[in-house]
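S.K.: what follows is a predicted structure for the sequence shown.
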Amino acid sequence: MSDPTGALEIPMRLSFGRTIALPGDGDPRADHVGRRRGVSLRRIRRRSAAALAALLAVAGAGCDAAGAAAGDPDAQGDAGSDAAADTAGDVEDAAEDEGAGEADGEAASYVWPNAESAANSDPWLAEHHAEIAEMRPRVLVLDFVNGKPLDEVQAQLAEVVDVVAESTRWHGYEDPWAPAFLRYELAYVVDLRDDPPPADWPYNNSTVYPREEPPTGTWGFDYERLFSAEFAELYGIEDPDDPSRVLDLCGLVEQGLVNEVWIVADADVPDAGAAEILEVKPVYDEDRRRRTDRPMNRCAGNGCFDDDDVVPAACTRTVRIAFFNHTRGPGCFLESLSHGFESIGAWNPRTIPYLNRYFEHFAAHDLDTLHGLAWDSWYICPIGTDCLTYPTESSVAYDVEGVAGTLDPYDPVCGCVHFPPNARRHYDLDSPFTVLSTCTTFRSGGGSGGADEAVPFSRAAFRFYERFAPDCMGPFLVWWRQNVPGFESGLLDDDGAPMLAWWPFVYY
């Protein structure tokens with residue numbers, strides 16, 4: 001079905017096919033030392049200062065986020081501009097602090113990829129999971145959009161990078177120093193546009209866009225070709241160990257040169273449809289050890305690879321392929337990426353059991369087990385239909401195609417990608433209801449009897465983010481993702497151990 005992102009749900013001008021390596025042309029396995037011994041969390045937070053200041057500037061820095069989160073939709077003041085000024089003022093200090101470390105005697109923390117580990121699904125990720133403070137996944141960008149200057153595409157993607165980073169600052173809506181966990185690096189930009197397009201060409205995407213004619217499955221986009229020798233030549237990325245040959249997609253992922261693929265295309269002019277995000281991923285046990293007795297999961301994204309899209313056996317690590325519709329903004333792409341996260345957290349419970357154990361409750365995917373309903377989430381609600389209303393702040397009345405009832409008490413926790421905690425229907429960013437939710441207090445145990453404290457939630461909580469991620473579910477999802485447990489969150493898991501940050505699981 002069609003989705004506001006423009007993809008489908010279950011979607012640098014050089015010579016043709018030339019690749020631009022960004023930000024450097026060296027072996028990325030040596031790009032980042034990555035190991036931080038004795039670097040305080042305060043210093044790590046300062047390194048996110050420039051990004052936060054830029055985002056606040058884009059947002060106008062005029063909305064009082066603290067007041068909005070407290071429930072006043074019209075709250076405005078100087079808090080945003082003050083935070084921007086304070087943050088920007090510390091950028092210089094951060095550079096001076098970067099080199100300090102051992103004398104502080106603090107535990108090691110890591111940036112990934114690094115000199116020790118760069119590839120997806122590396123056992124290093126599980127071994128050092130608790131010490132990973134920041135991830136900089138390397139993206140291979142494939143630009144198929146004819147008629148759009150490459151610098152405009154790069155500017156759009158740079159905005160995406162900033163918004164994703166903002167969305168991974170744990171409780172960033174209340175902590176201006178919260179560090180970003182994910183900061184994508186646009187490692188390679190491959191220009192696959194026509195120069196010029198053929199006369200009377202009916203599509204906005206180039207002739208190289210891999211269409212299935214006719215489509216043979218759910219997707220008209222031929223994912224299999226991205227793994228081919230044909231496309232390896234178009235990527236043009238040399239093997240660092242043997243510059244006489246270029247690497248295919250499996251090789252790029254295996255060597256840690258690429259951690260993720262972003263397809264830049266036009267989804268508004270009818271063309272071969274692609275998924276918002278597809279992913280093939282290893283399966284892990286309860287202790288986060290890879291299961292060698294299980295095949296790779298071809299359905300770890302928002303949908304499955306078609307049966308005829310053969311992923312080569314040489315691809316033994318996570319491969320993520322996301323679709324960026326160039327006519328949309330960062331909010332729509334954030335929705336696509338969030339569906340991918342939702343998939344490994346809820347829709348594929350056996351892939352990473354540790355994540356699933358907590359994510360289902362976080363994202364309200366446990367309506368069946370918690371409330372005895374016949375469905376696990378409100379995704380059962382038909383699109384375009386109001387299925388939910390809230391008689392009180394702590395109850396919900398539902399009517400799903402004639403199946404009706406009331407849940408009282410009801411805690412929506414953080415809601416899911418399409419449903420904010422107070423949503424009436426899919427994509428509801430304008431609900432007038434205020435509800436009680438434990439999202440911002442998730443697993444903090446600050447309420448009665450050690451339960452999480454339920455606090456008021458309304459659309460005011462994410463209004464601040466409308467200014468720089470306004471499209472699709474973007475404003476809500478920045479806030480939603482800021483509640484995903486991050487590095488040293490102080491939360492505890494079921495065993496009483498520190499809760500692991502959830503973002504590294506994306507690259508397990």
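M.R.: Arrived safely, thanks for sending.
S.K.: where does this protein have its least confident helix or strand?
M.R.: The weakest-scoring helix or strand in the chain, judged by mean pLDDT, DSSP states H and E, is strand 35-36 (a mean of 32).
S.K.: show me how far stretch 464-476 is from its chain's centre.
M.R.: Between the centre of stretch 464-476 and the centre of its host chain there is 14 Å, according to CA atoms, centre = their mean, to the nearest Å.
S.K.: which parts of that stretch are buried?
M.R.: 464-469, 471-476 (16 or more other CB atoms under 10 Å). C-betas here are computed from N, CA, C, even on glycine.
S.K.: which pair in these spans the largest distance?
M.R.: 464 and 472 (16.9 Å; CB to CB).
S.K.: grab the most central residue of the protein for me.
M.R.: residue 337 (4.1 Å; CA atoms, centre = their mean).
S.K.: could you dump the helix or strand hosting that one to PDB, C-alpha only?
M.R.: Assessed by DSSP states H and E, residue 337 sits inside helix 330-342. What follows is helix 330-342, C-alpha atoms only, in PDB (Å, rounded to 0.1, in the frame of the first residue of the first chain):
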ATOM      1  CA  PRO A 330      13.700  14.300   6.500                       C
ATOM      2  CA  GLY A 331      10.500  13.500   8.500                       C
ATOM      3  CA  CYS A 332       9.300  11.100   5.900                       C
ATOM      4  CA  PHE A 333      12.600   9.300   5.700                       C
ATOM      5  CA  LEU A 334      12.800   9.200   9.500                       C
ATOM      6  CA  GLU A 335       9.500   7.400   9.300                       C
ATOM      7  CA  SER A 336      10.900   4.800   6.900                       C
ATOM      8  CA  LEU A 337      14.000   4.300   9.100                       C
ATOM      9  CA  SER A 338      11.800   4.000  12.200                       C
ATOM     10  CA  HIS A 339       9.700   1.300  10.600                       C
ATOM     11  CA  GLY A 340      12.900  -0.600  10.100                       C
ATOM     12  CA  PHE A 341      13.700  -0.300  13.800                       C
ATOM     13  CA  GLU A 342      10.100  -1.300  14.700                       C
END
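S.K.: tell me the mean pLDDT for that helix?
M.R.: Taken as a whole, helix 330-342 has a mean pLDDT of 98.
S.K.: longest single helix anywhere in the protein?
M.R.: helix 150-167 (DSSP state H).
S.K.: for the stretch 301-450 of the chain, what spans make up the helices?
M.R.: 330-342, 353-362, 367-371 (DSSP state H, counting those that start in this stretch).
S.K.: could you check the angle the first one makes with helix 150-167?
M.R.: Meaning helix 330-342. 50 degrees (axes from the mean of the first three to the mean of the last three CA atoms, to 10 degrees).
S.K.: got the angle between helix 330-342 and helix 353-362?
M.R.: 120 degrees.
S.K.: ok now helix 330-342, how far from the chain's centre?
M.R.: Per CA atoms, centre = their mean, the centroid offset for helix 330-342 relative to its chain is 6 Å.
S.K.: what is that helix packed up against?
M.R.: helix 150-167, strand 277-280, strand 319-325, helix 474-481 (3 or more CB pairs under 8 Å, 6 or more residues apart in numbering; DSSP states H and E).
S.K.: could you figure out how far that helix is turned away from strand 319-325?
M.R.: Going by the same axes, to 10 degrees, helix 330-342 makes 150 degrees with strand 319-325.
S.K.: so helix 330-342 versus helix 474-481, what angle?
M.R.: 40 degrees.
S.K.: pull out the buried positions in helix 330-342.
M.R.: Buried residues in helix 330-342 (16+ other CB under 10 Å): 330-342.
S.K.: for the stretch 151-300 of the chain, which segments count as helices?
M.R.: Using DSSP H, counting those that start in this stretch, helices in the stretch 151-300 of the chain cover 229-235, 249-254.
S.K.: among those, which is the most enclosed?
M.R.: Of all the helices of the stretch 151-300 of the chain, helix 249-254 has the most neighbours on average by mean count of other CB atoms under 10 Å, namely a mean of 22.
S.K.: what is the neighbour count of residue 175?
M.R.: 13 (other CB atoms under 10 Å).
S.K.: equivalent analysis for residue 268, please.
M.R.: Neighbours of residue 268 (other CB under 10 Å): 12.
S.K.: tell me which residue of the protein is furthest from the middle?
M.R.: The chain, farthest from centre, CA atoms, centre = their mean: residue 199 at 38.5 Å.
S.K.: ok, now how distant is that one from residue 303?
M.R.: According to CB to CB, to the nearest Å, residue 199 stands 35 Å off from residue 303.
S.K.: mean pLDDT and distance to residue 229 for the helices and strands packed on helix 330-342 - can I get that in JSON lines?
M.R.: Output for the helices and strands packed on helix 330-342, formatted as JSON lines (pLDDT from 0 to 100; distance: least, CB to CB, whole Å):
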{"stretch": "helix 150-167", "mean pLDDT": "98", "distance to residue 229": "25"}
{"stretch": "strand 277-280", "mean pLDDT": "98", "distance to residue 229": "19"}
{"stretch": "strand 319-325", "mean pLDDT": "98", "distance to residue 229": "17"}
{"stretch": "helix 474-481", "mean pLDDT": "98", "distance to residue 229": "37"}
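S.K.: mind putting those into a markdown table with distance to residue 122?
M.R.: A markdown table is the format used below for the helices and strands packed on helix 330-342 (distance: least, CB to CB, whole Å):
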| stretch | distance to residue 122 |
| --- | --- |
| helix 150-167 | 22 |
| strand 277-280 | 16 |
| strand 319-325 | 14 |
| helix 474-481 | 24 |
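S.K.: to residue 117, which of the ones you listed lies closest?
M.R.: strand 319-325 (17.1 Å).
S.K.: show me how far stretch 228-237 is from its chain's centre.
M.R.: The answer for stretch 228-237 is 27 Å, by CA atoms, centre = their mean.
S.K.: what does stretch 155-172 give?
M.R.: 9 Å.
S.K.: how about the contacts made by residue 206?
M.R.: 144-146, 192-194, 197 (CB atoms under 8 Å, 6 or more residues apart in numbering).
S.K.: quick check: the two most widely separated of these?
M.R.: Across those (CB to CB), the longest gap, 12.1 Å, separates 192 and 197.
S.K.: who has more neighbours out of the two?
M.R.: residue 192 (26 against 16).
S.K.: need the pLDDT of the more buried one.
M.R.: On pLDDT, residue 192 comes in at 98.
S.K.: my read is that it contacts residue 142, right?
M.R.: Yes. Here residue 192 reaches residue 142: they are 5.8 Å apart, a contact under CB atoms under 8 Å.
S.K.: is residue 110 within a helix or a strand, and which one?
M.R.: Going by DSSP H and E, residue 110 is in strand 109-112.
S.K.: residues contacting the following helix or strand past that strand, please?
M.R.: Next in sequence after strand 109-112, counting helices and strands by DSSP H and E, comes helix 123-127. Outside helix 123-127, the residues within contact range by CB under 8 Å, 6+ apart are 112, 116-117, 132, 284, 288-290, 504, 507-508.
S.K.: make a PyMOL selection of whichever of those residues turn out to be buried.
M.R.: A single PyMOL command selects the buried members of those (16+ other CB under 10 Å):
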select buried, resi 112+117+132+284+288+504+507+508
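S.K.: which pair in the contacts of helix 123-127 spans the largest distance?
M.R.: Farthest pair in these, by CB to CB: 116 and 284, 20.5 Å.
S.K.: any idea how many residues pack against residue 210?
M.R.: Count around residue 210 with other CB under 10 Å applied: 21.
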